[in-house]
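> fold the following for me, if possible:
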Amino acid sequence: RSRLAAELVVLGKKEVPKVGKFKKLPSDMNDLFYLLADYAFKNSMDMDRALDLYTLDISFNWGRYDTWAALGLAQASKMDKRLNSCKKLNPVKMLEYFESVKNCFERCIQMNSGNSNIFIEYGNFSYNFQSYISRTLNNNSENMTIDMFEKLEKTREALLKKAMENYDKTLAIFVKDGINEDDVDERWLLHYMIGKIKEKT
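Numbers count the residues shown, from 1 in each chain. Here you go, the predicted structure:
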């Protein structure tokens with residue numbers, strides 16, 4: 001049941017199933033799934049289990065920002081492992097995974113447009129995934145349909161634009177609010193990534 005919930009939530013479906021007979025968790029259990037998921041995620045335990053638990057928390061606490069952020073970060077991390085696995089990947093499946101991560105990051109930004117870390121992570125994810133698409137188009141274009149080729153081309157262009165938007169937004173936040181004393185000043189890296197994007201567009 002939690003796997004079904006995960007698929008519905010991360011793919012942006014409106015209706016999210018609840019667990020068992022509960023429409024609302026008892027107050028003393030309201031943070032249960034979030035805490036279990038957070039423990040699994042931060043202690044590098046079963047990532048799929050962490051994602052299921054985060055999604056269960058979302059089904060009861062739709063507006064919990066920290067859970068949406070964790071879902072985006074955890075799925076992006078899982079997707080990075082797929083991209084670096086040296087295995088042959090199915091572009092159709094990868095686009096589905098991409099939509100799941102994108103939906104979580106977009107939800108985070110809707111809830112809080114001032115978190116520079118989310119914009120950085122979203123920008124990095126967008127750039128990395130467009131690199132995968134670029135390699136796929138260069139190496140496997142003869143094995144795909146024209147429709148898939150065009151879809152990947154459009155997605156790649158949109159990802160470069162999205163990465164640029166996220167990096168620009170991060171720099172704007174730094175100008176407006178400064179850099180948190182607990183964060184590393186990586187503005188040079190943002191400018192470097194912006195330069196790489198401009199080189200490709």
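
> what does the model give residue 78 for pLDDT?
Listed pLDDT for residue 78 reads 89.

> repeat that for residue 143.
Per-residue pLDDT puts residue 143 at 82.

> stretch 144-153: how far from the chain's middle?
23 Å (CA atoms, centre = their mean, to the nearest Å).

> select the longest helix from the chain.
helix 146-177 (DSSP state H).

> near the closest residue to residue 166 other than its chain neighbours, how many other residues are there?
The shortest distance from residue 166 to any non-neighbouring residue, by CB to CB, 6 or more residues apart in numbering, is to residue 123 (3.3 Å). All C-beta spots, glycine's among them, are computed from the backbone N, C-alpha and C. By other CB atoms under 10 Å, 25 other residues sit near residue 123.

> dump the residue contacts of residue 123.
162, 163, 164, 165, 166, 167, 170, 193 (CB atoms under 8 Å, 6 or more residues apart in numbering).

> how about a cut-off of 7 Å?
Going by CB atoms under 7 Å, 6 or more residues apart in numbering, residue 123 touches 163, 166, 167, 170, 193.

> just give me the closest of the residues you listed to residue 144.
Closest approach to residue 144 among those (CB to CB): residue 163, at 23.5 Å.

> quick one: pLDDT of residue 66?
95.

> ok, now residue 47?
82.

> next structured bit after the helix or strand bottoming out on mean pLDDT in the chain?
Every helix and strand in the chain was compared by mean pLDDT, DSSP states H and E; the lowest is helix 2-10, with a mean of 48. Scanning forward in sequence from helix 2-10 by DSSP states H and E, the next helix or strand is helix 32-42.

> for the helix or strand that that next one is followed by, name the packing helices and strands.
Counting by DSSP H and E, the next helix or strand C-terminal to helix 32-42 is helix 47-60. Under the contact definition 3 or more CB pairs under 7 Å, 6 or more residues apart in numbering; DSSP states H and E, helix 47-60 sits against helix 2-10, helix 32-42, helix 65-83.
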